[in-house]
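Student: Can you look at this prediction? I've put the sequence above it.
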Amino acid sequence: MNLFPFGMPVPKEEIIDREDFLRTIKSRLLMGQNLVLAGPRRIDKTSIVLEL
């Protein structure tokens, strides 16, 4: 059994310790700023975007 499944975004309830990060992203987007979410594979970029 794999404790770290892959192949699909992480469910909302499993995203932890990202509240400040998400709040900052939302605030900047609401101010009209552009955003690039870049990083290596499998660090929850898709999950973060879906949470917005």
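Tutor: Cool, the structure landed.
Student: what's the model's confidence in the longest helix along the chain, averaged?
Tutor: The longest helix of the chain (DSSP state H) is helix 19-30. Across helix 19-30, the average pLDDT comes to 93.
Student: contacts for that helix?
Tutor: With contact meaning Cβ atoms under 8 Å, 6 or more residues apart in numbering, helix 19-30 is reached by Leu35, Leu37, Ile48, Glu51, Leu52. All C-beta spots, glycine's among them, are computed from the backbone N, C-alpha and C.
Student: among those residues, who's most crowded?
Tutor: Using other Cβ atoms under 10 Å as the neighbour test, those are led by Ile48, with 18 neighbours.
Student: can you tell me which residues contact that residue?
Tutor: Ile15, Arg18, Phe21, Leu22, Ile25, Leu37.
Student: Could you check how far the second one is from Gly32?
Tutor: For Arg18, the distance to Gly32 (Cβ to Cβ, to the nearest Å) stands at 23 Å.
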